[in-house]
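[1] Following is a predicted model, sequence given first.
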Amino acid sequence: MKQTFQAPAKTPLQDSWLNRNVVGMGLTSFLSDAGHEMATAILPGFLAVLGLSPEMLGLIEGIADSTSSFVKLGSGWLSDRLGHRKPMTVGGYALTGASQGLFAFAFGLPLLLVGRTIGWFGRGIRSPLRDAMLANSVTAQDRGKAFGFHRAGDTLGAIVGPLVAVWLLAYFHPRMTDPSEPFRIIFLLTLIPGLGSSVAFVALVRERRGVPSQMKFWTTVKALPPSFRRFLSGVGIFGMGDFARTLMILAATQLLTPRYGLSRATEIAGLLYVGYNIVYAAYSYPVGTLSDRLGRHGLLSFGYMAGALASLGFLAAFLWKLDVVIYLLSLFGLSGFSIAIVDALEGALTADLVVEDLTRGTAYGVLGTVNGVGDLAASVIVGALWTAVSPVWAFAYAAILMGLGGIVIYRVRLNDNIELQA
């Protein structure tokens, strides 16, 4: 059932939904993700070269995600308290852009963990603030379009980054005797788009300062609507199964290594990740636009279920040794479709449910924290099950939690008068 929500108290900066702020935030995210995803696409292969286990990758991603989560909560509230968000957002992009370069100097777990944590610390600062600024830049009826457009721009960077990384990896591997050297060069090159993202945000995005909130932290959190808190229950359950994408890349690398060898398998897995991001980018805007017309809740539940199905597909791949590239590409595509729905609609729904700008930054911080705590649990548990038992059990766990999240979102009441229907 389609629901209507009260328009936000704050007037958008411009009349058109495709305005300077929306385009500027899209370009910023394009550059940031190009740098970040260059590193992400090759990180599992780099860990394999260093001899680190899937459990270590899960630990790295889990700690980094949890750091990001709690930073999101504090940065969202602080931006409400200050009445402006742009300077903190620029700083967050700069931290993330610089952090991937640290991987170039890593020979074991410590520096990899430090670099990933710093990057996610910056991401924790910027994400809720940027989403609040994006929500304030368009009218309520155009939110789905704006968030979908932004996620599409974000993901175009995630297509370009891995493509460049895989090409560089294929170019450098035959020319160097040290197998870790190509990875290190690519990590350093991520600094170019990564730091460029903060420059783009400074130059293109405008902010109209709001009225600073006078509420204390816990008072602000308690003031968030009950409907929003109910929405978070489904988000949290799904998040506890939504493992880091690097574990999906690692799955493809392990499945393909017996047939192709480690170097070639790493390159193919990176290209599969490009396929994931192409699907993500292709569906983000259409899904957001569709949600403006049909409502968001049923679509979000469908997205959660698609993620569960992708996890079942990886379970089957390990169970029956399915090392066929086309099959793995279909799983990456299904996962990309799922996350396109999730990322576009969770942000838009938050703006629908939290109509007061004085608490919107905090709301996005709370959403990010719930997602991050779930991601911590998912990455650590999936990585531990993978190492201690088998990847079959790891993906079974992920599929169950994602499916439960979809059921909860489908059934939960998202306001006090209307219960979600088919």
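    Happy to help now that I have it. Numbers count the residues shown, from 1 in each chain.
[2] Phe318 sits in which helix or strand?
    According to DSSP states H and E, Phe318 maps onto helix 297-319.
[3] Restricting to C-alpha, output that helix in CSV.
    Taking C-alpha atoms only, helix 297-319 is exported to CSV below (Å, rounded to 0.1, in the frame of the first residue of the first chain):
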residue,chain,number,x,y,z
HIS,A,297,8.4,-0.9,1.9
GLY,A,298,7.4,-3.8,-0.3
LEU,A,299,10.4,-3.1,-2.6
LEU,A,300,12.8,-3.0,0.3
SER,A,301,11.6,-6.4,1.5
PHE,A,302,12.0,-7.8,-2.0
GLY,A,303,15.6,-6.4,-2.0
TYR,A,304,16.4,-8.2,1.3
MET,A,305,15.1,-11.5,-0.1
ALA,A,306,17.2,-11.1,-3.3
GLY,A,307,20.3,-10.8,-1.0
ALA,A,308,19.3,-14.0,0.8
LEU,A,309,18.9,-15.8,-2.6
ALA,A,310,22.4,-14.7,-3.6
SER,A,311,23.9,-16.1,-0.4
LEU,A,312,22.1,-19.4,-1.1
GLY,A,313,23.7,-19.4,-4.5
PHE,A,314,27.2,-19.1,-3.0
LEU,A,315,26.3,-21.9,-0.6
ALA,A,316,25.5,-24.1,-3.6
ALA,A,317,28.7,-23.1,-5.3
PHE,A,318,30.9,-24.3,-2.5
LEU,A,319,28.7,-27.4,-1.8
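[4] model confidence over the helix or strand just after that helix, on average?
    The helix or strand immediately downstream of helix 297-319 is helix 325-353, counting by DSSP H and E. Mean pLDDT, computed over helix 325-353, is 92.
[5] and if you look at stretch 295-304?
    Mean predicted confidence for stretch 295-304 is 90.
[6] Is Leu27 in contact with Leu156, as I believe?
    No - applying Cβ atoms under 8 Å, one finds Leu27 not in contact with Leu156, separated by 9.9 Å. In short, each C-beta sits where N, CA and C put it, glycine included.
[7] ok, back up a step: any buried residues in the helix holding Phe318, and which?
    297-315, 317-318 (16 or more other Cβ atoms under 10 Å).
[8] what's the answer for stretch 155-169, then?
    155-166, 168-169.
[9] ok, now stretch 252-260?
    So, applying 16+ other Cβ under 10 Å, buried residues of stretch 252-260: Ala252, Thr253, Gln254, Leu255, Leu256, Thr257, Tyr260.
[10] repeat for stretch 62-82
    In stretch 62-82, counting by 16+ other Cβ under 10 Å, buried: 62-81.
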